[in-house]
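Asks: build the 3D model from these lines:
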Amino acid sequence: MICCEAMAAVNITSDILHRQIKEKGMLRFQRHYHVTDPFIKRLGLEAELQGHTGCVNCLEWNEKGDLLVSGSDDQHAIVWDPFHHKKLITMHTGHSANIFSVKFLPHSGDRILITGAADSKVHVHDLTVKETIHMFADHTNRVKRIATAPMWPNTFWSAAEDGIIRQYDLRESSKRSEVLIDLTEYCGQLVEAKCLAVNPQDNNYLAVGANGPFVRLYDIRMIHNHRKSLSPGTSAGVHTFCDREKPIPDGAVQYYVAGHLPVKLHDYNNRLRVLVATYVTFSPDGTELLVNMGGEQVYLFDLTFKQRPYTFLLPKKCHSSGEVQNGKTSTNGVSNGIHLQSSKFRLVEGKRSNSVQGELPPHLEKIKQQANDAFARQQWTQAIQLYSRGIQEISKNAMLYGNRAAAYMKRKWDGDHYDALRDCLKAILLNPAHLKAHFRLARCLFELKYVSEALECLDDFKGKFPEQAHSSACDALDKDIKAALFSKTSSSEDKKSGGAIRFRTIGRKDSISEDEAVLRERSYDYKHRYCGHCNTTTDIKEANFFGSKGQYIVSGSDDGSFFIWEKETSNLVRILQGDESIVNCLQPHPSYCFLATSGIDPVVRLWNPRPESEDLNGRVVEDMEGAAQANQRRMNADPLEVMLLNMGYHITGLSNGGPDGSDEDEGSEGQVQCRPS
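Replies: As a prediction, the model looks like this:
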């Protein structure tokens, strides 16, 4: 039985007794045993809810978790009893196009339902009489998401592809909305808002995702105070924050971005690869922000311990003209707009720290050896996951970071070289004499197109390790760097323009404002990255926290599967086949190990831990690494190939797993070996 498996890992008898005696103990029990490893391993399909005639684009649980509502291309909303697999209410929403978002209005007794759709309209429904009681037609493009907040019981928000975030108050007699945020003021007329979410612990904070790699976190309260200060005598109605100079007050918004993505934009645009935030959500405790980045990976941002993008810290001579302040130079003398995080990372002479380089405990030494063996077999993902498990237990070991960086560099998935750069910097911080981390750092910079910085780093490496200065590996990298510098006579001038390349979209008609450029410059980097799925075909694909403490991350994928990762290690632990085409929606139950999913199929699927006697193999994807590799190739495939694949054609290498033939040896390493320590 499932309970027996859970008890094998930890004795729960005393917790069960406390749950029966104390109400607080019951809540703690529920949070601790909500989602556990044994439950994840037994997760399987419980039921399929049939009733829609089109793609099911959105799902939502009520607060108690005894109702589930779905919205579809058929313009109907269905309220389900998920535990008895029954339809309770079916109603046409009055929309004339696909429904993209459904939400129960808080404190309405699950009576009021809000829907947003591709007809650019937002409708409010009374489920008790199955009638549409309000219709809002203020948006001028598709409405993609609705957000609600318990602290604002009569208020909700919408995000639409007209670039506008609107706020609604059902108590207002005018029955109209107001513009809360106008992204076109900052990013031009082509910007599209795709998703939004309210922090569950502090409802004043609203996260917004749009096309492009940046995610924005707004303080609603500050925006409202700003509006009142601009027009103190204005009565309720439509407000547009018409102060063009400062539509959003200073300090009311913070940007987040995966540190390598801004410089990749030009390359992605040339390959018709679109970056767009398709879903944002907060962790249950409100301290983390999860983003499913269309065209890329899933990213987790820490809202408490924020960090600037990790990039190379130039030797002292390179930034002597500008003083380092607040994590970056005070001049534009740094090419590519690179942030200088802190002088503590500067490549200086140092001694190995015994406190961080001591012998690993026996069980971690075994894990490291298993990772090294996987590396030797060229099983890069397995090696990365094993190193990550070791790092989770002992976060101050330079060797583990250095070895994981080597595995990232060999695997070469999107974002791997940036993660390798981060690991190299951590290894050097822990052990300034880490030879391999120094050399790998130079190569990472080269692969990330920071060519001038790569040359500086390599020269610094040669000075610190003169015995390696003329190794074949150094000579080869030096040759590659100088060839790249020589071939970039025209673009190198652009690279010298500081943040312009890093934070501005190039070749687009929609120019960004100066305020937007400053906000992008102040962006914070991610904490964890989750790889394996593919998100290129639809712009409503979700990623969510799974568990009362957000222990796991789940995401849909273009291959018809959904993926489950451990949050802290970012290791992929399970893949399940959730749709015949694409899984878009994943909504975990608020208090049980129970998951609702939907996608292109006209059904809602319910998943929970299954009995040991039940065969799960029909839905379980056994070759997880092969599936992840196939998705990585799919993300980098020609758009025509992907279109044919979605039409049912078989494209070799994109529709199934297998060894990744794109990984090639980086050439002779000479005395500087790329293999792990």
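
Asks: look up how far Leu477 lies from Ser108.
Replies: Using Cβ to Cβ, to the nearest Å, Ser108 is found at 63 Å from Leu477. In this view, the C-beta of every residue, glycine as well, is placed from N, C-alpha and C.

Asks: please disregard the earlier target; I meant Thr115.
Replies: Distance from Thr115 to Leu477, counting by Cβ to Cβ: 56 Å.

Asks: comparing Ser108 and Leu477, which residue is more hemmed in?
Replies: Neighbour count, other Cβ atoms under 10 Å: between Ser108 and Leu477, Leu477 has more, with 25 against 17.

Asks: and the more buried one, that's in a strand?
Replies: No. Secondary structure of Leu477 (DSSP: H, G, I helix; E, B strand; the rest coil): helix, not part of a strand.

Asks: quick check: it touching Cys444?
Replies: No. Leu477 is beyond contact range of Cys444, at 11.0 Å (criterion: Cβ atoms under 8 Å).

Asks: what about the helices in the stretch 51-200 of the chain?
Replies: Using DSSP state H, counting those that start in this stretch, the helices of the stretch 51-200 of the chain run over 184-187.

Asks: for the stretch 401-550 of the chain, which segments are assigned as strands?
Replies: With strands called from DSSP state E, counting those that start in this stretch, the stretch 401-550 of the chain shows them at 528-530, 543-546.

Asks: poorly predicted segments of the stretch 1-150 of the chain, please.
Replies: Filtered on pLDDT under 70, the stretch 1-150 of the chain yields the residue ranges 1-33.

Asks: cool, the stretch 351-500 of the chain as well?
Replies: Applying pLDDT under 70 to the stretch 351-500 of the chain picks out residues 351-358, 489-500.

Asks: for it, what spans make up the helices?
Replies: Counting by DSSP H, counting those that start in this stretch, the helices of the stretch 351-500 of the chain are 354-357, 362-376, 380-393, 398-411, 416-430, 435-447, 451-464, 472-487, 491-495, 499-503.

Asks: distance of Asn584 from Asp539?
Replies: Computed as Cβ to Cβ, the Asn584 to Asp539 distance reads 9 Å.

Asks: which of those two has more neighbours?
Replies: With neighbours defined as other Cβ under 10 Å, Asn584 and Asp539 compare such that Asn584 has more, 29 against 23.

Asks: that's a strand at that one, yeah?
Replies: Yes. Asn584 forms part of a strand when assessed by three-state DSSP.

Asks: what about the closest residue to it other than its chain neighbours, neighbour count?
Replies: Nearest residue to Asn584 in three dimensions, chain neighbours excluded: Gly599, at 4.8 Å (Cβ to Cβ, 6 or more residues apart in numbering). Per other Cβ under 10 Å, the neighbour tally for Gly599 reads 28.

Asks: my guess is Gly599 meets Leu59, correct?
Replies: No. Between Gly599 and Leu59 there is no contact under Cβ under 8 Å: 10.5 Å.

Asks: tell me, what's touching those two both at once?
Replies: Taking Cβ atoms under 8 Å, 6 or more residues apart in numbering as the contact rule, Gly599 and Leu59 both touch Cys585.

Asks: minimum distance to Leu180: which of the helices of the stretch 351-500 of the chain has it?
Replies: Among the helices of the stretch 351-500 of the chain, the nearest to Leu180 by Cβ to Cβ is helix 499-503 (24.2 Å).

Asks: compute the number of surrounding residues for the residue nearest to Cys534 when sequence neighbours are not counted.
Replies: Excluding the flanking residues, the one nearest Cys534 by Cβ to Cβ, 6+ apart is Asn631, at 3.8 Å. By other Cβ under 10 Å, the residues close to Asn631 number 25.

Asks: please give the element, helix or strand, for Asn631.
Replies: Using DSSP states H and E, Asn631 falls within helix 624-635.

Asks: and that helix, what does it pack against?
Replies: Judged by 3 or more Cβ pairs under 8 Å, 6 or more residues apart in numbering; DSSP states H and E, helix 624-635 is in contact with helix 380-393, strand 572-577.
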